[in-house]
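Novice: what shape does this take:
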Amino acid sequence: MRNRYLDLLRFLAIVRVVVYHVTGSAMMTIAFPAMSVMFALAGSMMAASIDRSGVSAIGRRLRRLLPSLWVLAAVFVPAMLLTGLAFNWKLLLWVVPLTDPPAAPTTGDWGAISLSVVWYLRDFLWFVLVSPLALRLFRRAPLPVLLTPYVFLLVLEFGGVVAHPVVRDFGLYFGAWMLGFAHHDGLLQRLSRRLLLTLVTVLGVTGLAWAFTHQGARSYDLNDIPLANALWSAAFILVVLGFAPAGAAWVDRNPLFGRIVTIFNRRALTIYLWHMPFVALVTPLVDIAGWTHEDPVGRAVRVCLVFALVCIPVALFGWIEDIAARRRPALVPGGPVRVPADSPAPPADREPEAAEGNGARRVNAGRS
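Specialist: So this is what the prediction gives:
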């Protein structure tokens, strides 16, 4: 059975990612650190898949991850080649993004902003590749292995080391991924509430204190403050997964809401990959209409327009996620999944597939 609580977390994370990119609100990175939550959910799903399939789980994850990226590349790469992108071997990174695939502006910086979200798939790919070994090491020595990314991030932070983005993100996000391991193995659930609350308090207070005393280019936006991001996100994950209920049957008590949660889960990667082009498109158009970026009405209009427009690629390409998951293709995914209120449901064999990327003036295309 599906765990609708995990589906709900993924749904909230995807919505938060899109709204953050439209509004650029720094507070949203604190209220819901969406990227770390999605990596934690993905780590839990990956551990479940490895337990079932062993190393072959890598192939299954990549099968679900890459086809939607290839469709995006099929649309954007030819356009970029026509507008100045060099034709060389680096284009192969659009097939398997071991590092950031090359991008060239199509109109000003619109093209680069639209494709900035690919960083998440890059990190996701690497985390999947190392997961079989990481899970084995984690189960032998959970605490030392879990602390390793955070210690590594401290070294980068205080040592002044400039690392490759992939290396840096292992320190920033792989701890969240392994908290997903801990969730899958039941370690978080076995912690006493007192210890869990103590960890949450220490990590959360330290993370926020660091954020407000080491503000970045966008004030206290956690995407500009890696150490605060990692610590606060760890505290948040401990809350949402450490105190997670067995399920969330109430999600389906309202058929419409349950259907929306299902759609967002089954089209997570498509929504994630295609929302940024519409963020870049809508922002100047709404400005022309007279609603400024800071105007609450203007922000609301942008958010509604982006969600409405992203329905187009969801309808055109969303079924690819069904094929990748070996489900029957559907224009609109099926109705809500019924989960008995008192029956614990194991995590579904699906990872969350959604996130964001670099920034530009008045279009917040940073991490989220």
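
Novice: is it true that Asp7 touches Asp252?
Specialist: No: taking contacts as CB atoms under 8 Å, Asp7 lies outside contact range of Asp252: 9.9 Å. (Glycine included, C-beta is placed from N, CA and C.)

Novice: please enumerate the strands of the chain.
Specialist: For the chain, strands defined by DSSP state E do not occur.

Novice: out of Asp7 and Asp252, which sits in the busier spot?
Specialist: Relative neighbour count places Asp7 above the other of Asp7 and Asp252, with 29 against 19, counting by other CB atoms under 10 Å.

Novice: where does this protein have low pLDDT?
Specialist: 1, 105-111, 286-293, 334-368 (pLDDT under 70).

Novice: give me the neighbour count for Cys311.
Specialist: Residues lying near Cys311 (other CB under 10 Å) number 14.

Novice: now it: how far from Val151?
Specialist: Distance of Cys311 to Val151, given as CB to CB, to the nearest Å: 44 Å.

Novice: repeat that for Ser192.
Specialist: 25 Å.

Novice: tell me which of these two has more neighbours.
Specialist: Per other CB under 10 Å, whichever of Ser192 and Val151 has more neighbours is Val151, with 12 against 8.

Novice: check contacts around the more buried one.
Specialist: Under the criterion of CB atoms under 8 Å, 6 or more residues apart in numbering, Val151 has no neighbours.

Novice: burial count for the closest residue to Phe174 other than its chain neighbours?
Specialist: In this structure, Phe174 finds its nearest non-sequential neighbour in Pro149, 4.4 Å apart by CB to CB, 6 or more residues apart in numbering. Counted with other CB under 10 Å, the neighbours of Pro149 add up to 22.

Novice: and for Arg52?
Specialist: Arg52: 11 surrounding residues under other CB under 10 Å.

Novice: what do you get for the one 4 residues further on?
Specialist: When counting by other CB under 10 Å, one arrives at 12 neighbours for Ser56.

Novice: check which helices and strands the longest helix seen in the chain sits against.
Specialist: Of all segments of type helix in the chain, defined using DSSP state H, the longest is helix 57-82. Where contact means 3 or more CB pairs under 8 Å, 6 or more residues apart in numbering; DSSP states H and E, helix 57-82 is packed against helix 34-53, helix 110-114, helix 118-140, helix 268-288, helix 319-324.

Novice: want to throw those helices into JSON lines with distance to Ile237?
Specialist: Shown next, in JSON lines, are the helices and strands packed on helix 57-82 (distance: least, CB to CB, whole Å):
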{"stretch": "helix 34-53", "distance to Ile237": "5"}
{"stretch": "helix 110-114", "distance to Ile237": "29"}
{"stretch": "helix 118-140", "distance to Ile237": "15"}
{"stretch": "helix 268-288", "distance to Ile237": "18"}
{"stretch": "helix 319-324", "distance to Ile237": "25"}
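
Novice: could you identify which of the ones you listed is most buried?
Specialist: Mean neighbour count, computed with mean count of other CB atoms under 10 Å, is highest for helix 34-53 among these, reaching a mean of 25.

Novice: and that helix, what does it pack onto?
Specialist: Partner elements for helix 34-53 (3+ CB pairs under 8 Å, 6+ apart): helix 4-23, helix 57-82, helix 118-140, helix 165-184, helix 226-242.

Novice: in the second one, which residues are buried?
Specialist: Pointing back at helix 57-82 there. The neighbour-count check on helix 57-82 (16 or more other CB atoms under 10 Å) flags 57-58, 60-62, 64-69, 71-73, 76-77, 80 as buried.

Novice: what of the shortest one?
Specialist: By 16+ other CB under 10 Å, the buried positions in helix 226-242 come out as 226-238, 240-242.

Novice: alpha carbons only: can I get that helix in PDB?
Specialist: Extracted as PDB, the C-alpha positions of helix 226-242 are listed here (Å, rounded to 0.1, in the frame of the first residue of the first chain):
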ATOM      1  CA  PRO A 226      25.000  26.100   3.200                       C
ATOM      2  CA  LEU A 227      25.800  25.300   6.800                       C
ATOM      3  CA  ALA A 228      22.600  26.800   8.100                       C
ATOM      4  CA  ASN A 229      20.700  25.000   5.300                       C
ATOM      5  CA  ALA A 230      22.100  21.600   6.300                       C
ATOM      6  CA  LEU A 231      21.500  22.000  10.000                       C
ATOM      7  CA  TRP A 232      18.000  23.500   9.800                       C
ATOM      8  CA  SER A 233      17.000  20.900   7.200                       C
ATOM      9  CA  ALA A 234      18.200  18.100   9.400                       C
ATOM     10  CA  ALA A 235      16.100  19.400  12.200                       C
ATOM     11  CA  PHE A 236      13.100  19.700   9.900                       C
ATOM     12  CA  ILE A 237      13.500  16.200   8.600                       C
ATOM     13  CA  LEU A 238      13.800  14.800  12.100                       C
ATOM     14  CA  VAL A 239      10.400  16.400  12.800                       C
ATOM     15  CA  VAL A 240       8.500  15.300   9.700                       C
ATOM     16  CA  LEU A 241      10.000  11.800   9.500                       C
ATOM     17  CA  GLY A 242      10.900  11.100  13.200                       C
END
